[in-house]
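Engineer: predicted model and sequence follow; I will ask about them next.
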Amino acid sequence: MNIHNDPLLTRIYEQCVDFQPLPESVYVGLQGIEERSHHFQTLTRANAVKFVTVIREGENDFDARSDDGPLMTFGLRSRRRLQDFWKQYPGKTIYLDITGLRHHIWIPLLRAALADATQSLKVIYVEPDKYNATLAPTGDRIYDLSEHTQGVAPIPGFASFSRVGDEFLFLPLLGFEGTRVARLLEKIQPIDDMIIPVVGLPGFRPEHPFYTYAGNRQALEETNAWQRVEFADANCPFSLYYLLERINAQHEQQYLKIALIGTKPHALGAVLFALRDLSMRELIYDHPIRRSMRTSGTGRLLEYDISAFSTTTNA
Amino acid sequence: MTEYNEIRTDLNRLFAHKAEWLKERIFDLFTAPDYLSSLSVDVPCVLEGGRGTGKTTVLRGLSYTGLYALSDGKPSTIRGWRHIGFYLRVDTNRVNAFSGPEVTEQKWQQLFAHYLNLVFCDLVLEFLEWYATATHETVELSRTVWERFSQSLCIEVGGSVKEIRTSISNAIVDFEVYVNNIEDEPHVRLSLQGAPVDLLIKALSREPEFKNKTFSFLIDEYENLNPSQQQVTNTLIKHASNEYTFKIGVRELGWKCKTTLNVNEHLVSPADYRLINITDELNRGDFAKFAQTVCDVRLNVLRETWPEIPLTIVDLFPGLSQQEEALKLGVGPIAAKISVDTAALSQTSLTFFQTLEPLQKYFLKLTADRDGTSIEKAVEAAANDGAWATNFDNYSHALLFTLRRGKRGFRKFYCGWRVLCLLANANLRYLIELVDNSIAAHLSDGREFTHSVSVENQTAAAQRVGKKNLAELEGLTDDGAKLTKLLLGMGRVLGIMAEDVSGHAPEVNQFKMADETMSAEVEHLLQNGVMHLALVRFTGTKVAGFATKDYDYSLHPIFAPFFGFSHRKKRKMTITGQELLSLVNDTPRGVNRILAKSHRKPSNTLPDQLTLFEKYFDEHSQ
């Protein structure tokens, strides 16, 4: 596939204030612990845009409330309940803001929204201005992004029980925290030459790919996976999608385990890719608990046209 | 340089740190440990050991693919096998799906039991397909058996292994949909725990090909199951039919629940299973010899391309005697400066002094300084003290840590095959890392295989391996950051104590908990430390109990070269849970607090290998 001929359906807004949702659309988000996730609260409440705020993120369910509606709970391991969530807004343009939402909430929501072909789905992501550095006792923690992880467990609705032998391809989408990939290597136990790490390049900032290498140095070195690193734009889910397609084509019939430990746009690209064939593609996630001051400031806002992309790739 | 790269590639290939990285070579390089015979019995066995102790290799060796590879792939040998093993690694990303508030714990157990039935039966059927391919003999079970089996497993009926496997695959997909939408309560039929497995194995046992053979399910990484899932599997272990049994691979303390689904029914060793602790077994035997065989097998392969490689790994790793090491650490010039006033000594004492080795003179000087007396008085006292030689022996190894106190460069050497084996503490992965790192440093210095690895390269490699495993610790467990801090704190305490031995007990490198009752946090920290090989525990000299407090603990000896303390199991100190936690919560102050108990002062001069942590150990920067 020639990447230059593929659509890149991303609109980039240098500042959040430049972005306004379409009239009569629905905007779903969560004001999380990071400053950058607060932006949607300042969006103009005009043009009949309905704002749906996720109030609570449980492990297996979440609470959400629209501007004027009651608080409602939706189970994550329930196709019916997730569809109920979206059925409230038939035919609308949906903005799913993943900036503040945790993976285990937005991924099932995205999947359910994609199943409803009547909606136009756009995903919003806001980059942070910067990640906060920390004093790390050991070399693999340049950035103190997670307090701890809850351990490897399936994203709700994405559990896979098929028997997979040793011969699978492990694709960690790398972030800055080397301990996370180290832990996954321990749990997943891929064969060393079956690991293809993905680094976000270009990064949100020019120096980020270097931090990714430094943070993951030990795991990359021990497994010799540094020899097989692939790159995709850190803020572009579609570049990641195309990259995964290319890797998949090169390793035909290979079962893929994709670890979502990098940027959220990469996670988005991986989810879109995995959804095409869940019998051969598995998502791996370690459920980190985010540190409250892990990032500061608000950077660019990115709008991804998922419905248009899905239509194109279906064609 | 090309040759260097080529040999490095070969080394990497053969001295891979993890069994799974050896791929098909795992069986070519297989070395049977002595305890293997204990596993090959018809009773359930639990193989307990930390990561890197060889559980996976042994369990895979007992699997039918392992047995086949170990018998050089000869189909004729299959009929002679007494055991047929089915290997299964517990996959965290699968088993962790079985929890949540949507259904009761009991329902999750029923779902998990059904999942196990599907997986176990598929493993057996996969074997039958393999058997047919390997021997060109098809095992045909009757249509009635297949029907009964299909009904028992709640899958579509099939008339052949292939059809049944397809049915199982379909059932797994249905089951996936069910669990992924469990709140919707879709319909699913669940099989009875163990029933289809019993039925299938009994049917197979009646076939002439498998008469008098025992089938084993080899379950690796049992610690990945939660306690509720372990209850389900424990029930299978306890009540399995005579035709099959279980071999379990689990980390120390990873078997979190030992009851069956009946909480009053416990699995007890040896009545219900045979417990094999790998570290104990290998230490009881001759680990150095076993490790040598493991490495020599790899060298044999390398020698096909590189004939200059020595016959045995031991030749590559020369050690140092105590005196040699003392001289290398500079005791000569120190001892040369220790002079006595000959007129002040009796002839006997003078002769005694003149015949002393440099390290002994250094010991005398330290004794004199400690007691605030003259060297002559110390010599007189020593010459007339029948126990002096024993006293020196007690301190001689500890003295080596003090010779280069506060200086740049190596402050202590860790070298020689026996020492490397002690550092590994019966952990093959650690040993292979030490060997691989040492040889890599040796080759990168431009040296040949015809020369042995220098003690400097061995020591630097040991420090690197310690540092690497310290850094990895954080990634091994969700509480890894706490363990890293505990290790950094306790390692620094032991390092400072090792360098400041005068007037103190020598080689203190273990600790015992003082508290009668320990907080859950301390208990968890210690257990996690043992499970992930930050700590080693052993039963105390007085009580061989089972509570956490009844054990003595030490840092794993693999960390000794990095922090600079003795790798030998020697003396212990007593600390409280609060002191232990202070090492985690405020490492610099925690270190000072424990040092103050033995009237030692903190040291500002970190060994070279620890300088990266300078800020971390500086209490003013925290």
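Structural biologist: Nice, thanks for sending it over.

Engineer: near chain A, which residues of the stretch 51-200 of chain B?
Structural biologist: B:51, B:89, B:91-94, B:96-97, B:100-102, B:115, B:118-119, B:122, B:169, B:172-173, B:175-176, B:179-184 (Cβ under 8 Å from any Cβ of the partner chain). Glycine gets a C-beta too; all of them are placed from N, C-alpha and C.

Engineer: just the buried members of these?
Structural biologist: B:51, B:89, B:91-94, B:96-97, B:100, B:102, B:115, B:118-119, B:122, B:169, B:172, B:175-176, B:179-183 (16 or more other Cβ atoms under 10 Å in any protein chain shown).

Engineer: point me to the residue of chain A nearest chain B.
Structural biologist: For chain A, the residue closest to chain B is residue A:182, as judged by Cβ to the nearest Cβ, at 2.8 Å.

Engineer: residue B:172 is in contact with residue B:118, correct?
Structural biologist: Yes. Residue B:118 is within contact range of residue B:172, at 5.8 Å (criterion: Cβ atoms under 8 Å).

Engineer: any common contacting residues for those two?
Structural biologist: Common neighbours of residue B:118 and residue B:172, using Cβ atoms under 8 Å, 6 or more residues apart in numbering or on different chains, are residue A:161.

Engineer: check which helix or strand the residue in the stretch 501-622 of chain B that chain A sits nearest to maps to.
Structural biologist: Nearest to chain A, among the residues of the stretch 501-622 of chain B, is residue B:616, at 5.1 Å (Cβ to the nearest Cβ). Taking DSSP states H and E as the definition, one finds residue B:616 inside helix B:614-617.

Engineer: picking up where we left off before, mind checking which helix or strand the residue of chain A closest to chain B is in?
Structural biologist: Taking DSSP H and E as the criterion, residue A:182 maps to helix A:178-188.

Engineer: now that helix: average pLDDT?
Structural biologist: Model confidence over helix A:178-188, given as mean pLDDT, is 87.

Engineer: got it, and stretch A:154-164?
Structural biologist: 95.

Engineer: list of residues touching it?
Structural biologist: Contacts for stretch A:154-164 (Cβ under 8 Å, 6+ apart): A:60, A:76-77, A:79, A:82, A:103-104, A:107-108, A:111, A:255, A:257, A:274, A:278-279, A:282-283, A:285, B:91, B:93-94, B:96-97, B:115, B:118-119, B:122, B:169, B:172-173, B:175-176, B:179-181.

Engineer: please verify my assumption that residue B:68 contacts residue B:80.
Structural biologist: No. Applying Cβ under 8 Å, one finds residue B:68 not in contact with residue B:80, separated by 11.8 Å.

Engineer: tell me where chain B has strands.
Structural biologist: Counting by DSSP state E, chain B has strands at residues B:45-48, B:83-89, B:214-220, B:244-250, B:274-277, B:508-513, B:535-539, B:551-555, B:571-575.

Engineer: could you dump the ones you listed to CSV with distance to residue A:290?
Structural biologist: Below are these laid out as CSV (distance: least, Cβ to Cβ, whole Å):
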stretch, distance to residue A:290
strand B:45-48, 36
strand B:83-89, 31
strand B:214-220, 33
strand B:244-250, 32
strand B:274-277, 39
strand B:508-513, 34
strand B:535-539, 30
strand B:551-555, 32
strand B:571-575, 34
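
Engineer: those into CSV, with extra columns for mean pLDDT?
Structural biologist: Formatted as CSV, those follow (pLDDT from 0 to 100):
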stretch, mean pLDDT
strand B:45-48, 94
strand B:83-89, 95
strand B:214-220, 96
strand B:244-250, 96
strand B:274-277, 92
strand B:508-513, 92
strand B:535-539, 89
strand B:551-555, 93
strand B:571-575, 93
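
Engineer: out of the ones you listed, which gets nearest to residue A:24?
Structural biologist: strand B:83-89 (52.1 Å; Cβ to Cβ).

Engineer: any idea of the angle that closest one forms with strand B:244-250?
Structural biologist: Per axes from the mean of the first three to the mean of the last three Cα atoms, to 10 degrees, the angle that strand B:83-89 makes with strand B:244-250 is 40 degrees.

Engineer: what about residue B:80, distance to residue B:86?
Structural biologist: The gap separating residue B:80 from residue B:86 is 19 Å, by Cβ to Cβ, to the nearest Å.

Engineer: okay, the two: which has more neighbours?
Structural biologist: Per other Cβ atoms under 10 Å in any protein chain shown, whichever of residue B:80 and residue B:86 has more neighbours is residue B:86, with 21 against 9.

Engineer: strands along the stretch 151-300 of chain A, start to end?
Structural biologist: Remark: strands assigned in the stretch 151-300 of chain A by DSSP state E, counting those that start in this stretch are A:168-173, A:198-200, A:230-232, A:255-260, A:281-284, A:288-290, A:295-305.

Engineer: in the stretch 1-150 of chain B, what spans have low per-residue confidence?
Structural biologist: B:1-2, B:17, B:20-24 (pLDDT under 70).

Engineer: domain ranges for the chain, per the record?
Structural biologist: Unless you meant another one, I'm taking chain A. A:3-130+A:295-314, A:146-290 (automatic domain parsing).

Engineer: actually chain B
Structural biologist: If you go by automatic domain parsing, chain B breaks into B:1-15+B:285-318+B:415-472, B:44-272, B:322-400, B:477-621.

Engineer: ok now the longest one, how far from the chain's centre?
Structural biologist: The chain centroid and the centroid of domain B:44-272 are separated by 26 Å, computed with Cα atoms, centre = their mean, to the nearest Å.

Engineer: what's the end-to-end length of it?
Structural biologist: 7 Å (Cα to Cα, to the nearest Å).

Engineer: report the contact partners of residue 116.
Structural biologist: Because you didn't say which chain, this covers chain A. So residue A:116 contacts A:83, A:86, A:87 (Cβ under 8 Å, 6+ apart).

Engineer: look at chain B instead
Structural biologist: B:193, B:232, B:233, B:236.

Engineer: near chain A, which residues of the stretch 451-600 of chain B show up?
Structural biologist: Near chain A, when you scan the stretch 451-600 of chain B using Cβ under 8 Å from any Cβ, you find B:468, B:470-472, B:474-481, B:484-485, B:488.

Engineer: make it 6 Å
Structural biologist: Residues of the stretch 451-600 of chain B lying close to chain A (Cβ under 6 Å from any Cβ of the partner chain) are B:471, B:472, B:474, B:475, B:476, B:478, B:484, B:488.

Engineer: residues near the residue nearest to residue B:378 when sequence neighbours are not counted, how many?
Structural biologist: The shortest distance from residue B:378 to any non-neighbouring residue, by Cβ to Cβ, 6 or more residues apart in numbering or on different chains, is to residue B:368 (3.8 Å). Counted with other Cβ under 10 Å, residues neighbouring residue B:368 total 19.
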